[in-house]
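>>> Could you work out the structure for the sequence below:
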Amino acid sequence: MFTQDDIVSIEAHGLSVEQVERQIENFRNGFPPLPVTRAASPGDGIRVLDAQQLAAAEALYDKEAAGLQIVKFVPASGAATRMFKELFEFVNEGRRGEGIDRLLQNIERFAFFPELAKYITPQSDDEQIVRNIIIDGLGYGSKPKGLVTFHAYPDSLRKPVEEHLVEGALYARTADKVRIHFTVSPEHIAGFEALLAERQSIYEERFNVRYEVTFSVQRPSTDTIAVDMDNRPFRTDDGGLLFRPAGHGALIENLDALDADIIFVKNIDNVTTDRRKADTVTYKKVLAGELLRLQRRAFSLIESLRRGDDAVAEAAAFLQEELCCKLPEGADRGKIVAMLDRPIRVCGMVRNEGEPGGGPFWVRNTDGWEQLQIAESSQIAPDKMDLMKSATHFNPVDLVCGVRRHDGSKFDLKNYVDPSTGFISKKSSGGRDLRAQELPGLWNGAMADWNTVFIDVPVTTFSPVKVVQDLLRPEHQ
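Numbering: from 1, shown residues only. Presented below is the predicted three-dimensional model:
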């Protein structure tokens, strides 16, 4: 199956031939489905906060933020291949669908048009215009989403990296400091650094803050081989093997390396314009306030139980009613302490309006107890897909994480991963379809054994850009 050049490529990634062969077997055999029992819903796993609860949570966070170590964690790895897939198909294969027509008919509405205009003339044909978006000119097809111009303001154009700087100043500051951590591909670090060198000081002056921006990359040894749609190793144009970062699940090690009390997690492309940021800021603070409330109660109960206090019934009720852990019969003090003594995440969930993405589910573990998890459709057994379709909410990747124990020490987050929850996804490279294998997703199986709370948040907090035409939506205009 593998040539000598293949073996050299495999070993260069820190992998062995045996590991890659196991990855290919996973493509052929798949991963076991997640043992979901039902979709979480309002009143059954998803909390809908009233006005008083919203105000209390936001106030608690505002009161405590100055004394906390806060980090905003932004997965920003990889090139924007899916975003421009249709454009590559047009340039490389001559396939022209409605998306290309919409792009060209509205080309001047895109925030990047002033930059694109430098590379085209009134005589440029459609193919030349599209080529200058993705290959020549702007070269967006080989850049990460974070460096694509998303928004136009009267005084400037902004890329997602800059929108995250703005968000950080609005809800993730400690006194005058804002810590933001981007996970990026090694080949893109220089581009991020160049943009920040040019623009960071503008936002520091505007918001009277100091940014501490750091980067990390996924280790090559966490990459997985790509296969074609027949599960054969995917070959690049020069005949080589293609390895891909194994999804955001590999980032659990990057997250684990951060020293913080609270970590906000949000994808690079989920940003909106300043005039629409109010709900985002409010609900980020609400999620963080709820995390602090739950965390303090859990810490108090752990200390009481370890002192030998008669708090078992109280702790069991808190686990079931507040942390959404359905206990098996006969759960003793030790088991209850162990379940309390876990990382906590509070996740915003948006009501379904047809957007793709994973969703909130109840999952039954092997020892009989149930808890909440975020599941992708690829993790659901075919005979249970009706549960996915019936879900009232979906996951917008809007997390606030508490990663310290009651004594102030950090959890080892790698101990809370379920390795059986990897999954297979359909991706593309240069406009060609492929199958990719992902490690247990960062907010899926990589956090399977966290205490998880879901809170209803408005759709106005969710403004992703999955394809370039999404930039024509009102939230990006």
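
>>> quick one: contacts for the closest residue to Ser425 other than its chain neighbours?
Spatial nearest neighbour of Ser425, excluding adjacent residues (Cβ to Cβ, 6 or more residues apart in numbering): Ala436 at 5.2 Å. Glycine gets a C-beta too; all of them are placed from N, C-alpha and C. Residues in contact with Ala436 (Cβ atoms under 8 Å, 6 or more residues apart in numbering) are Thr224, Ala226, Arg244, Gly247, Ile424, Ser425, Lys426, Lys427.

>>> any chance of those residues in TSV, with secondary structure and pLDDT too?
Shown next, in TSV, are the contacts of Ala436 (DSSP: H, G, I helix; E, B strand; the rest coil; pLDDT from 0 to 100):
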residue	secondary structure	pLDDT
Thr224	strand	91
Ala226	coil	94
Arg244	strand	87
Gly247	coil	71
Ile424	strand	86
Ser425	strand	82
Lys426	strand	86
Lys427	strand	86
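
>>> And Tyr61, how close does it get to Glu198?
Separation of Tyr61 from Glu198 (Cβ to Cβ, to the nearest Å) stands at 32 Å.

>>> In terms of packing, which of those two has more residues around it?
Tyr61 (24 against 9; other Cβ atoms under 10 Å).

>>> Wait, Asp418 touches Gly445, no?
Yes - using Cβ atoms under 8 Å, Asp418 is in contact with Gly445, at 4.4 Å.

>>> quick one, which of those two is more surrounded?
Set Asp418 next to Gly445 and count neighbours by other Cβ under 10 Å: Gly445 wins out with 28 against 17.

>>> Model confidence for that one, exactly?
At Gly445, the model reports a pLDDT of 91.

>>> shouldn't it be in contact with Glu438?
No - counting by Cβ under 8 Å, Gly445 does not reach Glu438; the two are 9.5 Å apart.

>>> Check this protein for its longest helix and report it.
helix 278-307 (DSSP state H).

>>> helix or strand right after that one?
Downstream of helix 278-307, the next assigned helix or strand under DSSP states H and E is helix 312-321.

>>> now that following helix against helix 278-307, angle please.
Put simply, helix 312-321 runs at 160 degrees to helix 278-307, going by axes from the mean of the first three to the mean of the last three Cα atoms, to 10 degrees.

>>> which residues sit against the lowest-mean-pLDDT helix or strand in the chain?
Every helix and strand of the chain was ranked by mean pLDDT, DSSP states H and E. The lowest is helix 385-390, at a mean of 82. The contact list for helix 385-390 (Cβ under 8 Å, 6+ apart) reads Val36, Arg38, Ala39, Gly359, Phe361, Ala375, Ser377, Ile380.

>>> Now tabulate the residues you listed in a markdown table and tack on neighbour count, distance to Gly402 and pLDDT.
Formatted as a markdown table, these follow (neighbours: other Cβ atoms under 10 Å; distance: Cβ to Cβ, whole Å; pLDDT from 0 to 100):
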| residue | neighbour count | distance to Gly402 | pLDDT |
| --- | --- | --- | --- |
| Val36 | 21 | 25 | 92 |
| Arg38 | 16 | 26 | 92 |
| Ala39 | 24 | 25 | 93 |
| Gly359 | 26 | 23 | 91 |
| Phe361 | 27 | 22 | 95 |
| Ala375 | 28 | 22 | 90 |
| Ser377 | 15 | 28 | 83 |
| Ile380 | 21 | 28 | 85 |
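
>>> Next step: those residues restricted to strands.
Among the contacts of helix 385-390, DSSP state E puts Val36, Arg38, Ala39, Gly359, Phe361, Ala375 in strands.

>>> how about Ala381, phi and psi?
phi -60, psi 150 (degrees, to the nearest 10).

>>> ok, now Ala66?
phi -60, psi -30.

>>> Name all residues that make contact with it.
Thr174, Ala175.

>>> again with Leu60
Contacts of Leu60 (Cβ under 8 Å, 6+ apart): Gly289, Leu292, Arg293.

>>> burial measure for Arg232, as a count.
Arg232 - counted by other Cβ under 10 Å - has 12 other residues nearby.

>>> how close does it sit to Phe215?
For Arg232 relative to Phe215 (Cβ to Cβ), the value is 35 Å.

>>> Next: Glu376.
For Glu376 relative to Phe215 (Cβ to Cβ), the value is 27 Å.

>>> How about Asn254?
10 Å.

>>> remind me which residues of the stretch 301-450 of the chain are low pLDDT?
354-357 (pLDDT under 70).

>>> Please enumerate the helices of this structure.
4-12, 17-29, 51-64, 85-93, 98-105, 113-116, 126-134, 160-171, 189-207, 252-256, 278-307, 312-321, 333-340, 385-390.

>>> same for the second one, what does it pack against?
Meaning helix 17-29. With contacts defined as 3 or more Cβ pairs under 8 Å, 6 or more residues apart in numbering; DSSP states H and E, helix 17-29 has these neighbours: helix 4-12, strand 224-225, strand 432-438.

>>> just to revisit the earlier point, of Asn254 and Phe215, which one has the most company?
Asn254 (21 against 17).

>>> Tell me what the residue nearest to the more buried one when sequence neighbours are not counted is bridged to.
Distance criterion Cβ to Cβ, 6+ apart; nearest residue to Asn254, sequence neighbours excluded, is Ser216 at 4.6 Å. Note on Ser216: beta-bridge partners by DSSP bridges are Thr183.

>>> Next, count neighbours for the closest residue in space to Leu68 that isn't next to it in sequence.
Excluding the flanking residues, the one nearest Leu68 by Cβ to Cβ, 6+ apart is Asp261, at 4.4 Å. Asp261 has 21 neighbouring residues, counting by other Cβ under 10 Å.

>>> Provide a list of residues in contact with Asp261.
Neighbours of Asp261 in contact, by Cβ under 8 Å, 6+ apart: Leu68, Gln69, Ile70, Gly402, Arg404.

>>> Can I have the buried ones of those as a PyMOL selection?
If you want just the buried ones from these in PyMOL, going by 16 or more other Cβ atoms under 10 Å, the selection is:
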select buried, resi 70+402+404
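
>>> how far away is the closest residue to Trp450 other than its chain neighbours from Ile263?
Of all residues not flanking Trp450 in the chain, Pro343 sits nearest, at 4.6 Å (Cβ to Cβ, 6+ apart). Counting by Cβ to Cβ, the gap from Pro343 to Ile263 is 10 Å.

>>> what do the two both touch?
What both Pro343 and Ile263 touch, as defined by Cβ under 8 Å, 6+ apart, is the set Cys401, Val403.
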